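Asker: How does the following fold in three dimensions:
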Amino acid sequence: MKLFRIGELAKTAGVSERTIDYYTKLGLIAPEERTQKNYRLYSVETLTRLERIVQMKQEKYSLEEIKQSLEKWRLVSTEEQVASKLTTLELHVQQLEREVNELKPLLGEMKPVQARKMMAGLLTKSAGTMEALKILLENTMM
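Answerer: Below you'll find the model as predicted:
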């Protein structure tokens with residue numbers, strides 16, 4: 001498991017070390033553990049949480065509102081989180097299917113060489129993404 005010291009976390013998240021200290025004091029984030037020299041170590045989950053805080057600050061939420069929102073998020077069960085993400089993923093797939101259907105007539109109007117060239121890069125990326133999704137789903141269903 002990757003753990004960040006405060007300076008690494010600050011640099012990765014694009015905030016100052018003082019901000020991390022402040023958010024830790026407010027209880028918005030917490031170190032995962034401490035080293036023998038008492039350095040605070042933060043997890044990748046904390047980085048994700050910190051990025052969410054930064055995004056909410058940019059959207060003009062107060063720190064109290066952010067704290068309440070993060071608390072609600074923490075209380076949501078893992079099953080609910082997975083169901084929500086899968087629903088979102090399903091909606092994305094449906095949107096992609098609609099867009100592909102919209103592209104079919106346009107691609108039909110192009111010369112075959114142009115159409116293949118346009119689709120080549122997309123198909124490579126799409127195939128990799130679909131394979132990763134398949135592996136993820138297969139591994140979690142075992």
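Asker: Sketch out the low-pLDDT regions of the protein for me.
Answerer: 76-78, 80-81, 140-142 (pLDDT under 70).
Asker: In it, which residue is most central in space?
Answerer: What sits nearest the mean C-alpha location of the chain, by C-alpha atoms, centre = their mean, is Thr48, with 7.4 Å.
Asker: That one and Lys111, how far apart?
Answerer: Thr48 is 46 Å from Lys111, where distance means C-beta to C-beta, to the nearest Å. Using the backbone N, CA and C atoms, a C-beta is placed for each residue, glycine as well.
Asker: Next secondary structure after the lengthiest helix in the chain?
Answerer: In the chain, with assignment by DSSP state H, the single longest helix is helix 78-109. Where DSSP states H and E defines the elements, the next helix or strand beyond helix 78-109 is helix 112-140.
Asker: what inclination does that next one have with respect to helix 78-109?
Answerer: Going by axes from the mean of the first three to the mean of the last three C-alpha atoms, to 10 degrees, helix 112-140 is angled at 160 degrees with respect to helix 78-109.
Asker: next one: helix 112-140 to chain centre, how far?
Answerer: Relative to its chain's centre, helix 112-140 lies at 20 Å (C-alpha atoms, centre = their mean, to the nearest Å).
Asker: what packs against it?
Answerer: Applying 3 or more C-beta pairs under 8 Å, 6 or more residues apart in numbering; DSSP states H and E, one finds that helix 112-140 contacts helix 78-109.
Asker: For the helix it packs on, name the packing helices and strands.
Answerer: So helix 78-109, by 3+ C-beta pairs under 8 Å, 6+ apart, packs with helix 112-140.
Asker: hang on, the earlier thing: buried ones in the longest helix of the chain?
Answerer: Buried residues in helix 78-109, counted by 16 or more other C-beta atoms under 10 Å: none are found.
Asker: which other residues reach stretch 88-98?
Answerer: Residues outside stretch 88-98 that contact it (C-beta atoms under 8 Å, 6 or more residues apart in numbering): Leu133.
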